[in-house]
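In: When you get a sec, could you give me coordinates for this:
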Amino acid sequence: MQIRIRGYQAVVATTLLIAGVFATILHSRQASDQAGSTHEFADFAKRLPRDIAASSPTVQDDVLRELLDTAQPQLPSVLDTATQHGLSSALAEIRRIHGVRPERPVLPHGLSRMSPKKIVKVADRTIREGWKIGKRAPYSLATPMDWAADPHHDKSWRMWLNSWHPLEPLLLAYDQTGRDQYLDFANRIAIDWIEQHVFDESENPLAWYDMAIGRRAAFLGKLIDANLRNNLLDDNRLMELFIAARLHGLKLNDPEQITWTTNHGFYQLVGLLALAKSVPELNGASEFHRFANQGLQKMLHEHFTEEGIHREHSPFYHVALVNSLGLLEEQGLIEDQNLLDLFHRARQNIVWMSHPNGMLCRAGDGDRTPTAKRILYPDDPQLQYLISQGTEGVPPSENYRIFPKSGYAMFRDAWDHHPWKEASYLHFSAAFHSGTHKHADDLTFEWSELGRTLLIDSGRYSYKYDDPNRQYAESTRAHNTVEIDGRDYSRKRRDAFGSAIVAGGEFDGAYFVEAAIDRTKDFDTHHRRILVLRPGQWLAVIDRLTSPQSHDFAQCFHFDPDLKFHPISGRGISASLPDSETAINVLPLSPGDGLEMQLIKGQTTPRLQGWTSLVANEMTPNVAVEMRTHGKQVLYVTLLTLTGPQADIVPGRTAYNAETDEFQVRWQLNGQDRGFDYRGGRNGQPVGLMRVPTVLAGEPAGKVR
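Out: Residues are numbered from 1 along each chain as shown. All right, here's what the predicted structure looks like:
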């Protein structure tokens, strides 16, 4: 029987292998055919006369056949009209057919929640002064434009320029007011790009960049929809829009051109879907719609975990994708119920990504940003509770949430804590799903108390990957984790481990989370981290690192730039919180000697250390603490505690029992014993249990003021 099963499995395996080979060949042929169609149409466009309206009827007929979906019942009559009465009459027939369809709104990227008055103000300023993004100086939109310009030496800026970002306020203002001046200005910008890059071959590395194609496709759909409803464009210019739309559709309908593993692919497919919905008369629109819709379903179920967490390691991008999904739902572009359910889960999860002071966690590539300003679709009771700081909506049913499959754990005070902003909050990251927006920050965390983020992230800085500041922001030493041998952890996709969380929960008034990573490949080291939080009072950070070889280890902490530290007894340091009678103390409790504490702020040589990027393209000095030691088996136990400014805090007896896998952590505060025991799981069963000593039983649960 066993032999038969093996034989059957072998046959099945062989059959699946053959099927896989044929599927790969078929996919390759389809991709090759698609690429061939795209190149053929691009060559066709370049051979066209610049004035199609003045060309021969044969040329006009060829163009219309290339551009229109003649399988639709009404559209063959357009070709007959063109043959009998010319191009203008044919376009008038297209306008008539299109005019009975609902008008399509613009698909914006970031301005959709501005007030109509503000949108018009931004549009008027764009026409008057030029395109402005962020704090950059306005860029002239006088045509012909230099689309390859790089005045800021910034790839992101160039990408947004070639994404037609300047059109967004113009088209939104047109939707708001119906004034032709906004559509006319947008038309001139779009036609200028099309003439340089579709009909000519202007040298521009960002012209056909993945995300730029998707964003332009959405704007092209809106432009065609709007211009088919009025007569601002002459026949020739309208045909140019159709030709550009067909070329963009062909490029985006090619699976080989979609960046499936990042959010760029999402915006490519969204652009294709918006184009197909906006211009159903376009040749290939039904296929574009099918491909984009199926691709989005596949992609988003891969980009988000089943727990509803975005896999790009950044709350900033989680919110951005949730906003985009909200926009798709609003415009009726989500047709799959499972996708809608995923959107609702992901939106609700934002409540766990915000500090009580209202700022979004900066893990991954995030700037210092108010959470409420980032959320465009807050139609969830728990989100409303977060944004209103407890005055509206419904609070979550628990005070912490662990996402074991996604690799995150978040803990906070009770949701009805007053003052709201002074609640305790801990955000722990043990996720590695891909290289996208992934820093070398495994097992890092952010911690806030009394309205201030005490332990902070490095931020984004920029996407200039060869810039030393960007490289520092991504580095291991720039985060609240352990650096090994002065090297960074891997950010390569092949080394992704998913989630490293093995345990977590709440016991005796304290929260805990445990994670473990096997670093045998790069460092021949096993790393286990445990965080124990007593909200409003202390946070203990335990790192156990074991290796057959000796290594240099540095347990790193990064503090709010406003904190100024000074030494205290017991080999620790302390800093008073600004405008507060509370101090934060950092006390090493690790057993044994050989631990060296270094305070570094704003260091540039021999390497960058003690910096954070709160806003794009700026670095701010902050205190970084490095706990350095050397060995094969290292145990870090570091206590961060909130006390009065004159508190006397000294280490107690801290030990680890390998047989029972139990940590005993002790210290003294003003002569009284404090501490906890933590016992991990055994025999591969990661069960975390905590026993808080009886001395804590009578300790007040409120914050130290």
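In: okay, CA-based contacts and neighbour counts for the rest of this
Out: Will do.
In: most centrally placed residue in this protein?
Out: The centroid of the chain falls nearest to residue 317 when counting by Cα atoms, centre = their mean (2.0 Å).
In: show me the residues around that residue that make contact.
Out: Going by Cα atoms under 8 Å, 6 or more residues apart in numbering, residue 317 touches 310, 365-366.
In: Does residue 104 touch residue 280 like I think?
Out: No. Here residue 104 does not reach residue 280: they are 11.3 Å apart, not a contact under Cα atoms under 8 Å.
In: which residues are in contact with both of the two?
Out: By Cα under 8 Å, 6+ apart, no residue touches both residue 104 and residue 280.
In: show me the contacts for the closest residue to residue 439 other than its chain neighbours.
Out: Spatial nearest neighbour of residue 439, chain neighbours left out: residue 474 (4.6 Å); criterion: Cα to Cα, 6 or more residues apart in numbering. Counting by Cα under 8 Å, 6+ apart, residue 474 touches 438-441, 458, 460.
In: Pick out whichever of those sits closest to residue 224.
Out: Residue 224 lies nearest to residue 460 out of the contacts of residue 474, by Cα to Cα, at 37.0 Å.
In: Let me see the contact set for the closest residue to residue 207 other than its chain neighbours.
Out: Nearest residue to residue 207 in three dimensions, chain neighbours excluded: residue 162, at 5.9 Å (Cα to Cα, 6+ apart). Applying Cα under 8 Å, 6+ apart to residue 162 gives the contacts 147, 206-207, 212, 216.
In: Nearest to residue 602, out of these: which one, please.
Out: Closest to residue 602 out of the contacts of residue 162 is residue 206 (35.1 Å), distances taken as Cα to Cα.
In: can you pull the pLDDT of the closest one?
Out: With respect to pLDDT, residue 206 scores 95.
In: Residue 697 now?
Out: For residue 697, the model assigns a pLDDT of 38.
In: go on, residue 593?
Out: 77.
In: returning to what we had before: please identify the helix or strand for the residue nearest to the centre of the chain.
Out: helix 315-330 (DSSP states H and E).
In: where do the helices sit along the stretch 101-250 of the chain?
Out: 116-129, 155-162, 167-177, 180-197, 210-227, 235-252 (DSSP state H, counting those that start in this stretch).
In: Could you identify which of those helices is most buried?
Out: Among the helices of the stretch 101-250 of the chain, helix 210-227 has the highest mean neighbour count (mean count of other Cα atoms under 10 Å), at a mean of 25.
In: any idea of the angle that one forms with helix 235-252?
Out: 140 degrees (axes from the mean of the first three to the mean of the last three Cα atoms, to 10 degrees).
In: what's the burial count for the residue nearest to residue 291 when sequence neighbours are not counted?
Out: The shortest distance from residue 291 to any non-neighbouring residue, by Cα to Cα, 6+ apart, is to residue 253 (6.7 Å). Residue 253 has 28 neighbours, counted by other Cα atoms under 10 Å.
In: those helices in the stretch 351-500 of the chain, which residues are they?
Out: Ranges of helices within the stretch 351-500 of the chain are 371-374, 381-387, 468-474, based on DSSP H, counting those that start in this stretch.
In: buried residues in the shortest one?
Out: The reference is to helix 371-374. Using 16 or more other Cα atoms under 10 Å as the test for burial, helix 371-374 gives 371-372, 374.
In: ok, so of those, who is nearest residue 542?
Out: residue 371 (30.2 Å).
In: Which residue, other than its chain neighbours, is closest to that closest one?
Out: Nearest to residue 371 is residue 360, by Cα to Cα, 6+ apart, at 4.9 Å.
In: residues touching that neighbour, list them.
Out: 315-316, 353-354, 368-371.
In: any idea how far it lies from residue 375?
Out: Separation of residue 360 from residue 375 (Cα to Cα, to the nearest Å): 10 Å.
In: now residue 87
Out: Counting by Cα to Cα, the gap from residue 87 to residue 375 is 46 Å.
In: These two: who's more crowded?
Out: residue 87 (25 against 19).
In: quick one on the thing from earlier: avg pLDDT for the helix holding residue 317?
Out: Helix 315-330 comes out with an average pLDDT of 92.
In: to the chain's geometric centre, what's the distance from that helix?
Out: From the chain centre to the centre of helix 315-330 is a distance of 10 Å (Cα atoms, centre = their mean, to the nearest Å).
In: Who are the packing partners of the very next helix or strand once past that helix?
Out: Counting by DSSP H and E, the next helix or strand C-terminal to helix 315-330 is helix 337-348. Helix 337-348 sits against helix 285-303, helix 315-330, helix 381-387, with contacts defined as 3 or more Cα pairs under 8 Å, 6 or more residues apart in numbering; DSSP states H and E.
In: Let's have those helices in TSV, adding distance to residue 37.
Out: Shown next, in TSV, are the helices and strands packed on helix 337-348 (distance: least, Cα to Cα, whole Å):
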stretch	distance to residue 37
helix 285-303	14
helix 315-330	29
helix 381-387	46
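In: I'd assumed residue 213 was in contact with residue 163.
Out: Yes. When contacts are counted by Cα under 8 Å, residue 163 is listed as touching residue 213 (6.7 Å).
In: Any idea how far stretch 264-280 is from the middle of the chain?
Out: Taking the mean of its C-alpha atoms, stretch 264-280 sits 20 Å from the chain's own mean (Cα atoms, centre = their mean).
In: mean confidence for that stretch?
Out: The model assigns stretch 264-280 a mean pLDDT of 94.
In: Other residues contacting that stretch?
Out: Stretch 264-280 is contacted from outside by 104, 107, 210-222, 224-225, 245, 249, 252-253, 258-260, 282, 285-286, 288-289, 292-293, 295-296, 299-300, 333, using Cα under 8 Å, 6+ apart.
In: coming back round to it: of all the helices of the stretch 101-250 of the chain, which one comes closest to residue 639?
Out: Closest among the helices of the stretch 101-250 of the chain, using Cα to Cα: helix 155-162, at 40.7 Å.
In: Might you list the low-confidence residue ranges for the stretch 451-600 of the chain?
Out: 570 (pLDDT under 70).
In: closest to residue 539 out of the helices and strands packed on helix 337-348?
Out: helix 315-330 (22.6 Å).
In: how far off helix 337-348 does the closest one point, in degrees?
Out: 140 degrees.
In: Same question for helix 315-330: list its buried residues.
Out: For helix 315-330, by 16+ other Cα under 10 Å, it's 315-328.
In: what do you get for stretch 659-676?
Out: Using 16+ other Cα under 10 Å as the test for burial, stretch 659-676 gives 662-667, 669, 673-676.
In: residues near residue 179, how many?
Out: Neighbour tally, residue 179, other Cα under 10 Å: 11.
In: check contacts around it.
Out: Neighbouring residues of residue 179 by Cα under 8 Å, 6+ apart: residue 173.
In: Give me the distance between the nearest residue to residue 182 once chain neighbours are set aside and residue 91.
Out: Spatially, and ignoring its direct neighbours in sequence, residue 182 is nearest to residue 170 (5.1 Å; Cα to Cα, 6+ apart). Relative to residue 91, residue 170 is positioned 25 Å away (Cα to Cα).
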